[in-house]
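Chemist: Requesting a structural model of the entry that follows:
(2 chains, ligands or ions: 2)
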Amino acid sequence: MKISEIKSILNADLICGEEYLEKEVFTACGSDMMSDVLAYVKEQAVLLSGLVNPQVVRTAEMMDMKCIVFVRGKQPDTDIIDLAKEREIVLLRTSYEMFTSCGLLYKNGLKGGCGL
Amino acid sequence: MLLSLHYDVSGTDFTCAGEASGKIKKALKELGFPASLIRNVAIAVYEGEINMVIHGGGGVIDAEISPECVSVVLADQGPGIPDISLAMQEGYSTAPDNVRQLGFGAGMGLPNIKKYTDEMIIESEVGKGTTIRLKVFVK
Ligand SMILES: Nc1ncnc2c1ncn2[C@@H]1O[C@H](COP(=O)(O)OP(=O)(O)OP(=O)(O)O)[C@@H](O)[C@H]1O
Ligand SMILES: [Mg+2]
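Modeler: Numbering: from 1, shown residues only, chains lettered A, B, ... in the order given. Ligands and ions are numbered 1, 2, ... in the order given. Sure thing, here's the model as predicted:
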């Protein structure tokens, strides 16, 4: 699935990274606990999170993730956005809550990290 | 030795936690190491760096990069870890609520470091500080 499709499925706003919207991604994970995200490397490319701070971007950076979706309409500040731009990570914002966001993406073919 | 890197890690600036890990990651990338090795090192050092900030009051990170091995030493002079084997257990955390609200405190950091490295040695003395030595070999 292209990141642009994630954007439309989640009715999301693009915060930054327009030039990377056509990148293909296959897996995602959703969590507010960064060490839980870091525990399971399985080529996840998308991180959904209700948490908004620079460490969400850094976690995605360490994991080579391509896109972060902030759920429940959370808006990152400019420091977070700058960090993501430097690391070429797309930031999206959706009004859907975590459960709904994950469900919509899963239903549309995006998989979890373990090939399930 | 290809490269030695040294970073000071602030014990109060949570926002900057991860700067050193990011720089080590970038250096490894520029040196052309395999992506999976880079990610393993990056995650392990990042967990250690975060621990340094939230538990250890800041410290220093030294990385030595050779064609065969990446070695990193993370040293702080914080409160130390009273029971290392307990701290190594998945889910064990003494992180307060404010740390949990920042997305940490799952008790997964030290187990993650173990998981992503080939060698991990923790030395800690209560009241003196904690030093973690880790190695990832280039296979
Ligand atoms: N550098 C350190 N100085 C003092 N105590 C530490 C240090 N690193 C870890 N600890 C202790 O070991 C515990 C377990 O660490 P670990 O990194 O596994 O989990 P955590 O940091 O609490 O949560 P997480 O890493 O999942 O965000 C910590 O809660 C803390 O009590
Ligand atoms: Mg930790």
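Chemist: Run a quick neighbour tally on residue B:75.
Modeler: As a burial measure, residue B:75 scores 19 neighbours (other C-beta atoms under 10 Å in any protein chain shown). For glycine as for every other residue, the C-beta is placed from the backbone atoms N, C-alpha and C.
Chemist: just checking, it touches residue B:57?
Modeler: No: Residue B:75 lies out of contact with residue B:57 (C-beta atoms under 8 Å); the separation is 11.6 Å.
Chemist: Is residue B:26 in a helix, a strand, or coil?
Modeler: Look at residue B:26: counting by DSSP: H, G, I helix; E, B strand; the rest coil, its state is helix.
Chemist: next one: the one 10 residues further on
Modeler: Going by three-state DSSP, the secondary structure assigned to residue B:36 is helix.
Chemist: Local confidence estimate at it?
Modeler: pLDDT for residue B:36: 93.
Chemist: Once you drop chain neighbours, what's closest to residue A:22?
Modeler: Distance criterion C-beta to C-beta, 6 or more residues apart in numbering or on different chains; nearest residue to residue A:22, sequence neighbours excluded, is residue A:2 at 5.6 Å.
Chemist: Could you do residue A:76 as well?
Modeler: residue A:52 (5.2 Å).
Chemist: so who does residue A:104 touch?
Modeler: A:9-10, A:96 (C-beta atoms under 8 Å, 6 or more residues apart in numbering or on different chains).
Chemist: A helix includes it, no?
Modeler: Yes: residue state for residue A:104 (three-state DSSP) corresponds to a helix.
Chemist: Name the SS class of the residue most central in space within chain A, please.
Modeler: Nearest residue to the geometric centre of chain A (C-alpha atoms, centre = their mean): residue A:68, 2.3 Å. Here residue A:68 is recorded as strand under three-state DSSP.
Chemist: Grab the nearest non-local neighbour of whichever residue of chain B sits closest to ligand 1.
Modeler: Closest to ligand 1 within chain B is residue B:109: 2.3 Å, counting by C-beta to the nearest ligand atom. Excluding the flanking residues, the one nearest residue B:109 by C-beta to C-beta, 6+ apart is residue B:47, at 4.1 Å.
Chemist: For chain B, which residue gets nearest to ligand 2?
Modeler: Closest contact between chain B and ligand 2, by C-beta to the ion, is at residue B:109 (2.4 Å).
Chemist: Would you mind confirming that that residue is in contact with residue A:35?
Modeler: Yes: Residue B:109 is in contact with residue A:35 according to C-beta under 8 Å; the separation is 5.2 Å.
Chemist: how close does residue A:40 sit to residue A:34?
Modeler: Taking C-beta to C-beta, to the nearest Å as the measure, residue A:40 and residue A:34 are separated by 12 Å.
Chemist: Which one's more surrounded, these two?
Modeler: A direct count of neighbours by other C-beta under 10 Å for residue A:40 and residue A:34 places residue A:34 higher, at 30 against 16.
Chemist: ok, the more buried one to ligand 1 distance?
Modeler: 7 Å (C-beta to the nearest ligand atom, to the nearest Å).
Chemist: Can you report how many residues neighbour the nearest residue to residue A:25 once chain neighbours are set aside?
Modeler: Spatial nearest neighbour of residue A:25, chain neighbours left out: residue A:45 (3.7 Å); criterion: C-beta to C-beta, 6+ apart. Neighbour count for residue A:45, taken as other C-beta under 10 Å: 22.
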